[in-house]
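S.K.: Compute the structure for the input listed below.
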Amino acid sequence: MSRRRTKVAVSLALSAIVVSCSSSAEVVVSPSVLEPISTDTAPILPDDTSTPTPVSPSLDATLGEPVNGWSQPVDLSSWAGRETHVVERTGLVRRMNDDGSPGDVLLDMSALTRAEGERGLLGLAYSPDGTRAFVDYTDVNGDTVIDRYNVGNEGEFDQNSRVELLTITQPYSNHNGGDLAVTADGRHLFVFTGDGGSAGDPDRDALDPESLLGKVLRLDPSTDDPTPEIWAVGLRNPWRVSVDPFTNDIWIADVGQGEREEVNVIDVGDLQGSSFGWSAREGTRPFNADQNDRHLAYRDVAPVFEYEHVDGDCSISGGAVMRDTTIDTVGDWYLFSDFCSGVVRALCVEPGGIDTCGLLALGKVPSSVGVLSDHLDRMWVLSLDGYLVPITAP
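M.R.: Residues are numbered from 1 along each chain as shown. This is a model prediction of the structure:
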């Protein structure tokens, strides 16, 4: 199936349902088919080397009841496979109870950051054994900082153990990225940075091999003073990144300029030496022609999916592949949302992430800033308005 640039208006015969929420906004369950589902694709399964029989992909999921009580949640991370911790942009990391409600405060770094505009505490990742945590935030001067903390046996942070691993000067207030990922072997800490901000990549940082902005950086997480290595280039503002443990693919939702939002997928092993294109292009649309030569010096990674700024869409929020075994699923589905429209979508992806095979909408969550998986593979939509929305079986 070719990548589509406009939505296909094929609606399901289902009524919209308004789910109550204590905030002024409302979560709306409104399933629809945005792009027809292919009937000749097959799911990719872990450790499956056989040739699967083609089947029609399907996803039987809906938006559940919002869980309130959070303060600007922007990220969540599995700790040691035992529990899930939620990042609040104001500077707190909190334990998430099994029902999605806020638990204990594990880290309070509110004195080090300010939650304003696109700034604040933005990302969290753990070492595979859970003994170390890494946070990505903007400091009180607006610069990006990566810190490391030691973590106790119950998930609590040792605030006195803080080590500042990296600081990146930010020329503008927006496009700070914020995501982190640690590889399964614990040898690599990846930092996903924005292009520095303003609009249109004015300083041409995203493809500049001398700039740390608009990049995927690799740090050695075991050292106190790691040297940042540029592993990939050409990002504008990667907002929510996930690693699919079944396939080792990295999924990057990159916020567009004025016309296109995009989803990129790449195997961890192919990351080094790759370019995601910005600002030579926005999605697949040519943008800054003076950046073409820089982009072509790297391995080109085209988006697996892009969509236009129509019907209220304007800013993608990634995004993870559905692996919840309590939800009936055939095929691989990447779930994401749009901050402006609030629409939560499920993208069917061909095996290997080479193309798409359909697109569904589950409904709307206002101010949605991510669709992410917890330690039990349950998926949650995070709203900056202060609540989490579970994705459940109907």
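S.K.: what residue ranges in the protein score low on pLDDT?
M.R.: Scanning the chain for pLDDT under 70 picks out 1-25, 39-55.
S.K.: If we use 90, what do you get?
M.R.: Applying pLDDT under 90 to the chain flags the ranges 1-26, 30-56, 350-355.
S.K.: Next, the contact list for the residue at minimal distance from the centre of it, please.
M.R.: Closest residue to the average C-alpha location of the chain: R240 at 1.9 Å, with CA atoms, centre = their mean. Counting by CB atoms under 8 Å, 6 or more residues apart in numbering, R240 touches 75, 179, 253, 317-319, 336, 369-372. C-beta here means a position set from N, CA and C on the backbone, and glycine is covered the same way.
S.K.: let's see 6 Å
M.R.: The contact partners of R240, by CB atoms under 6 Å, 6 or more residues apart in numbering, come to 253, 317-319, 370.
S.K.: export those to a markdown table and tack on secondary structure and distance to G352?
M.R.: Formatted as a markdown table, the contacts of R240 follow (DSSP: H, G, I helix; E, B strand; the rest coil; distance: CB to CB, whole Å):
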| residue | secondary structure | distance to G352 |
| --- | --- | --- |
| A253 | strand | 19 |
| S317 | strand | 24 |
| G318 | strand | 19 |
| G319 | strand | 17 |
| G370 | strand | 24 |
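S.K.: Those into JSON lines, with extra columns for neighbour count?
M.R.: Output for these, formatted as JSON lines (neighbours: other CB atoms under 10 Å):
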{"residue": "A253", "neighbour count": "29"}
{"residue": "S317", "neighbour count": "28"}
{"residue": "G318", "neighbour count": "26"}
{"residue": "G319", "neighbour count": "23"}
{"residue": "G370", "neighbour count": "29"}
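S.K.: out of these, who's nearest E164?
M.R.: When those are ranked by distance to E164 (CB to CB), G370 comes first, at 25.5 Å.
S.K.: circling back: can I get the contacts of R240 in CSV including distance to Y298?
M.R.: CSV is the format used below for the contacts of R240 (distance: CB to CB, whole Å):
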residue, distance to Y298
A253, 20
S317, 26
G318, 22
G319, 23
G370, 27
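S.K.: And the helices in the chain?
M.R.: 292-296 (DSSP state H).
S.K.: Can you give me the distance of L63 to S383?
M.R.: 11 Å (CB to CB, to the nearest Å).
S.K.: which of these two has more neighbours?
M.R.: Remark: of L63 and S383, S383 carries more neighbours, 29 against 22, as counted by other CB atoms under 10 Å.
S.K.: how many other residues sit next to the nearest residue to the more buried one once chain neighbours are set aside?
M.R.: Leaving aside its sequence neighbours, S383 sits nearest to S367 (CB to CB, 6 or more residues apart in numbering; 5.0 Å). Using other CB under 10 Å, S367 has 18 neighbouring residues.
S.K.: you'd agree S367 is up against L382?
M.R.: No - judged on CB atoms under 6 Å, S367 makes no contact with L382 at a distance of 9.1 Å.
S.K.: Quickly list what V163 is bridged to.
M.R.: Counting by DSSP bridges, V163 is bridged to R148.
S.K.: can you check W333 too?
M.R.: C348.
S.K.: And for it, the neighbour number?
M.R.: Neighbours of W333 using other CB under 10 Å come to 26.
S.K.: Now for it: which residues touch it?
M.R.: 59, 322, 346, 348.
S.K.: ok, the residue nearest to the centre of the chain to F339 distance?
M.R.: Distance from R240 to F339, by CB to CB: 10 Å.
S.K.: Equivalent analysis for S274, please.
M.R.: Distance from S274 to F339, by CB to CB: 26 Å.
S.K.: These two: which is more packed in?
M.R.: Neighbours were counted for S274 and for F339 using other CB under 10 Å; F339 has more, 21 against 18.
S.K.: Return the residues in contact with L107.
M.R.: 93, 157.
S.K.: thinking again about what came up before, shared neighbours, R240 and F339?
M.R.: Counting by CB under 6 Å, 6+ apart, the shared contacts of R240 and F339 are S317.
S.K.: Touching, V145 and D139? I think so.
M.R.: Yes - with contact defined as CB under 6 Å, V145 reaches D139; the gap is 5.1 Å.
S.K.: And the residue nearest to S383, how close does it get to D290?
M.R.: 36 Å.
S.K.: same deal with C357?
M.R.: The value you get for C357 to D290, if CB to CB is used, is 36 Å.
S.K.: Then A133?
M.R.: 40 Å.
S.K.: higher neighbour count, these two?
M.R.: Applying other CB under 10 Å to A133 and D290 shows that A133 carries more neighbours, namely 27 against 10.
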